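Enquirer: Let's see this in three dimensions:
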Amino acid sequence: MNFTDLQAQRHSVYALGRNVSQTPTALFDLIKLAVKQAPTAFNNQSVRVVLLTGAAHEKLWAITAQRLQQEVPDAAAYEKTLAKINQAFQAGFGTVLFYTDTAVVTEFEETVPLYADNFYDWSEQGHGIAEYATWLALTELGLGASLQHYNPLIDAPVAEAFAIPATWRLRAQMPFGSIETPGVAKESVDDSARFKWIKA
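Expert: As a prediction, this is how the structure comes out:
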């Protein structure tokens, strides 16, 4: 499969399962490689990753459900939220947590003051690249995923549950697993609104 075909195959999948042939070790190695090969500004490597599988994966989404129950007082609305968590996230094989090591960002702000105002923005760009690389790597295996952002709502309980270093800031969660219902291709904005070619 060439790169553009792989891109076209990647969709957000909200019906995940655990029919995964790869071992957790093989998946961890793949995720590590995808993130290590992703570029970062000044090669500062500020992206941090935690892979949750098994009971740890389930614990993450139980924490998320509990926090959302505190934020969604309407019982009927919460039941819909809980159903989504169970089908789209907890039912999967695992979750990748993406963090920024803020200590690295601060170090570069101090040691390269000329660009101090840029390093946080650049760390976010590094995240986007690392997350996309991870998503494509999982897609190549035939696995489905989506990218979620329950941070900062779940930051504190997740940090406590999994002994996350204090300088790590949660940026995204990527639940993944077997594709039980395929994701749907989304419509693209017209090219004329997004792209410009200047020849001279």
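
Enquirer: tell me which strands and helices the longest helix along the chain is in contact with?
Expert: Ranked by residue count, the top helix of the chain under DSSP state H comes out as helix 119-140. If you count contacts as 3 or more CB pairs under 8 Å, 6 or more residues apart in numbering; DSSP states H and E, helix 119-140 packs onto helix 3-9, helix 24-36, strand 47-53, strand 94-101, helix 102-111, strand 144-145, strand 168-179. From N, CA and C alone the C-beta is placed, and that goes for glycine too.

Enquirer: let's go with 6 Å and repeat that
Expert: Contacts defined by 3 or more CB pairs under 6 Å, 6 or more residues apart in numbering; DSSP states H and E place helix 119-140 against helix 3-9, helix 24-36, strand 47-53, strand 94-101, helix 102-111, strand 168-179.

Enquirer: Alpha carbons only: can I get it in CSV?
Expert: The C-alpha trace of helix 119-140 is given here as CSV (Å, rounded to 0.1, in the frame of the first residue of the first chain):
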residue,chain,number,x,y,z
PHE,A,119,8.4,26.4,21.8
TYR,A,120,5.0,25.5,23.2
ASP,A,121,3.4,26.0,19.8
TRP,A,122,6.1,23.9,18.2
SER,A,123,5.5,21.2,20.8
GLU,A,124,1.9,21.0,19.7
GLN,A,125,3.0,20.6,16.1
GLY,A,126,5.2,17.8,17.2
HIS,A,127,2.2,16.2,18.8
GLY,A,128,0.2,16.4,15.6
ILE,A,129,2.9,14.7,13.7
ALA,A,130,3.4,11.9,16.3
GLU,A,131,-0.3,11.3,16.6
TYR,A,132,-0.8,11.1,12.9
ALA,A,133,2.2,8.8,12.5
THR,A,134,0.8,6.5,15.2
TRP,A,135,-2.6,6.5,13.6
LEU,A,136,-1.2,5.6,10.2
ALA,A,137,0.9,2.8,11.7
LEU,A,138,-2.2,1.3,13.4
THR,A,139,-4.2,1.8,10.1
GLU,A,140,-1.5,-0.2,8.2
